[in-house]
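Asker: below is the sequence, then the predicted model.
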Amino acid sequence: MGVATISFLAFGASQVGTPGPANMVLLATGARYGFRAALPFVAGVALGKQLIIWPIGFGLMSLAETAPWFFEILKWASVAYIFWLAWKVANLRLSPNGGQGSTPPGFLAGLAVHPLNPKAWAMIITGFTNFVTVETPILQATATIAICLFACQAIFHPIWAYGGDRIARLVAGKPAEKILMRTLAALTVASVLFVLIGGEST
């Protein structure tokens with residue numbers, strides 16, 4: 001009973017670490033303005049996800065108690081979206097991004113990234129519907145999801161801002177690019193399948 005924390009951390013890492021709207025923005029920001037100048041924006045992006053985790057957590061977990069069938073529908077809908085997203089990642093091709101502009105986006109601009117990011121919404125909903133048992137107390141479930149995702153973001157968001165552009169330049173247009181994207185997609189699918197197949201016993 002509770003939250004499958006280790007499994008969710010693996011899932012969260014596969015999601016936070018893979019290319020997506022937020023990471024592409026972080027990559028471009030780091031490439032254009034440098035790591036130090038991008039740090040306020042990085043912090044805003046990381047904290048911005050908390051603005052949707054807590055409302056989703058309390059709303060979904062409360063809904064699970066009164067309408068478990070709707071909770072189940074959300075579960076499979078989010079799984080389908082994540083699988084579709086993994087397919088998109090597998091076929092994504094990186095392209096180093098230069099850019100114009102003298103003023104880097106700041107903390108407030110970063111806060112808005114995840115609330116407007118469908119990948120973030122799907123990731124959070126998948127966390128609650130696939131890695132949390134219905135009997136879990138709302139505060140425990142929400143706090144665990146929030147802490148796990150923030151930990152992943154604290155690791156991966158600075159990496160994308162500092163090293164993402166270099167990775168893109170290194171593999172873009174080369175055979176290694178396909179291998180990288182397909183590996184990231186496979187990790188995403190595997191983390192969800194692990195819970196769907198073995199999560200019932202947790």
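Answerer: That came in fine, so what should we check first?
Asker: give the buried residues for stretch 111-122.
Answerer: Burial within stretch 111-122, assessed by neighbour count using 16 or more other CB atoms under 10 Å, is assigned to Leu111, Val113, His114, Asn117, Lys119, Ala120, Trp121, Ala122. C-betas here are computed from N, CA, C, even on glycine.
Asker: gap between that stretch and the chain center?
Answerer: In terms of CA atoms, centre = their mean, to the nearest Å, the centre of stretch 111-122 is found 9 Å from the chain centre.
Asker: same question for that stretch, mean pLDDT?
Answerer: The average pLDDT for stretch 111-122 rounds to 80.
Asker: check stretch 37-51 too.
Answerer: The average pLDDT within stretch 37-51 is 92.
Asker: quick one: contacts of it?
Answerer: For stretch 37-51, the external contacting residues (CB atoms under 8 Å, 6 or more residues apart in numbering) are 22, 25-26, 29-30, 104-115, 120, 124, 146, 149-150, 153-154, 157-158, 161.
Asker: among those, which ones are in helices?
Answerer: Of the contacts of stretch 37-51, the ones assigned to helices by DSSP state H are 22, 25-26, 29-30, 107-111, 120, 124, 146, 149-150, 153-154, 157-158.
Asker: neighbouring contacts of stretch 152-164?
Answerer: Here stretch 152-164 has contacts from 9, 12-13, 15-17, 22-23, 26-27, 29-31, 35, 38-39, 41-42, 45-46, 49, using CB under 8 Å, 6+ apart.
Asker: which of these count as buried?
Answerer: Counted by 16+ other CB under 10 Å, these give 9, 12-13, 15-17, 22-23, 26-27, 29-31, 38-39, 41-42, 45-46, 49 as buried.
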